[in-house]
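Novice: build me a model from this:
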Amino acid sequence: MKLINIEKSFGGRKIIDNFSIEINKGDVICLTGASGIGKTTLLNIIMGFVRPDSGKIIDIPEKISCVFQEDRLIYGLSAIDNIRFVTGNNICEEEIISYFNMLNLTKKQAYQKAEKLSGGEKRRVALMRALLYPSELLLLDEAFKGLDDENKKAAIDLTLKKAHTIIAVTHEKDEIAMLSGWELSLESQVY
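Specialist: Residues are numbered from 1 along each chain as shown. Just a heads-up that it's a prediction; the model follows:
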């Protein structure tokens, strides 16, 4: 995938100016920079939620999954039904439960309503949902925030096992190291 000369402004303020990058299959890219610098906007452009003012994207993958800054789980559904919402019946219950176990979640938690889960549990379910969707590109927008060290390690280990190509927004140096990604700072993009 190539992003070529991407530009985006909001309310007369240029957020992204002439940004270009080539992302190859298997790359792990960690976007860093101050709040408001355009990291999430860049992910939204890749997902097609926001149109750039100019520039183009070539060879965008057909299937993209994302973990947003907010968990965006469907309340009223159990954790496992939140997973099935994107996987359908393509993954059996036992396999889904095995992923819950890999992320230090129990079978009991799998059947709890999403709104009853703690913040860290919701975060891991949101990550699992993105990982189990058969995507070619995984976008992570502060996906590991709020996780303790043990759960963060489990989440990153599973992410690296399941995802092919990753673009991760993070402020955390330990996450960059654990993802073994290359850091792309958007600091030079301040306008």
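Novice: quick check: chain neighbours aside, which residue is closest to the residue nearest the centre of the chain?
Specialist: Nearest to the geometric centre of the chain sits residue 140, at 1.9 Å (C-alpha atoms, centre = their mean). Distances taken as C-beta to C-beta, 6 or more residues apart in numbering put residue 168 closest to residue 140, at 4.0 Å, once the chain neighbours are dropped. The way it works is simple: take the backbone N, C-alpha and C, and place the C-beta from them, glycine included.
Novice: name the next helix or strand downstream of the helix or strand hosting the one you found, please.
Specialist: If you go by DSSP states H and E, residue 168 is part of strand 166-169. Sequence order places helix 173-179 as the next helix or strand after strand 166-169, per DSSP H and E.
Novice: could you list the low-confidence segments of the chain?
Specialist: 188-191 (pLDDT under 70).
Novice: let's see 50
Specialist: Residue ranges of the chain with pLDDT under 50: 189-191.
Novice: so which residues of it form strands?
Specialist: In the chain, the strands defined using DSSP state E lie at 2-10, 13-22, 28-32, 54-58, 64-67, 137-141, 166-169, 182-185.
Novice: turn those strands into JSON lines, including distance to residue 91.
Specialist: Below are those laid out as JSON lines (distance: least, C-beta to C-beta, whole Å):
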{"stretch": "strand 2-10", "distance to residue 91": "32"}
{"stretch": "strand 13-22", "distance to residue 91": "32"}
{"stretch": "strand 28-32", "distance to residue 91": "24"}
{"stretch": "strand 54-58", "distance to residue 91": "30"}
{"stretch": "strand 64-67", "distance to residue 91": "14"}
{"stretch": "strand 137-141", "distance to residue 91": "17"}
{"stretch": "strand 166-169", "distance to residue 91": "21"}
{"stretch": "strand 182-185", "distance to residue 91": "31"}
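Novice: which residues sit against stretch 163-170?
Specialist: Stretch 163-170 is contacted by residues 23-32, 39-40, 43, 46, 61, 131, 135-144, 159, 175-176, 179, 181 when judged by C-beta atoms under 8 Å, 6 or more residues apart in numbering.
Novice: just the buried residues of those.
Specialist: 23, 27-32, 39-40, 43, 46, 61, 131, 135, 137-144, 159, 175-176, 179, 181 (16 or more other C-beta atoms under 10 Å).
Novice: residue 107: which of the strands of the chain is closest?
Specialist: Taking C-beta to C-beta, strand 64-67 is the member of the strands of the chain nearest to residue 107, at 22.6 Å.
Novice: counting contacts, what elements does that closest one pack onto?
Specialist: Here strand 64-67 touches helix 39-47, helix 119-132, strand 137-141, going by 3 or more C-beta pairs under 8 Å, 6 or more residues apart in numbering; DSSP states H and E.
Novice: could you dump stretch 113-121 to PDB, C-alpha only?
Specialist: The C-alpha coordinates for stretch 113-121 follow below in PDB (Å, rounded to 0.1, in the frame of the first residue of the first chain):
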ATOM      1  CA  LYS A 113     -22.400  -8.800  28.600                       C
ATOM      2  CA  ALA A 114     -19.900  -6.300  27.200                       C
ATOM      3  CA  GLU A 115     -21.000  -3.600  29.500                       C
ATOM      4  CA  LYS A 116     -20.200  -5.700  32.600                       C
ATOM      5  CA  LEU A 117     -16.600  -6.200  31.700                       C
ATOM      6  CA  SER A 118     -13.800  -4.000  33.200                       C
ATOM      7  CA  GLY A 119     -12.000  -1.500  31.100                       C
ATOM      8  CA  GLY A 120      -9.000  -3.800  30.500                       C
ATOM      9  CA  GLU A 121     -11.300  -6.800  29.700                       C
END
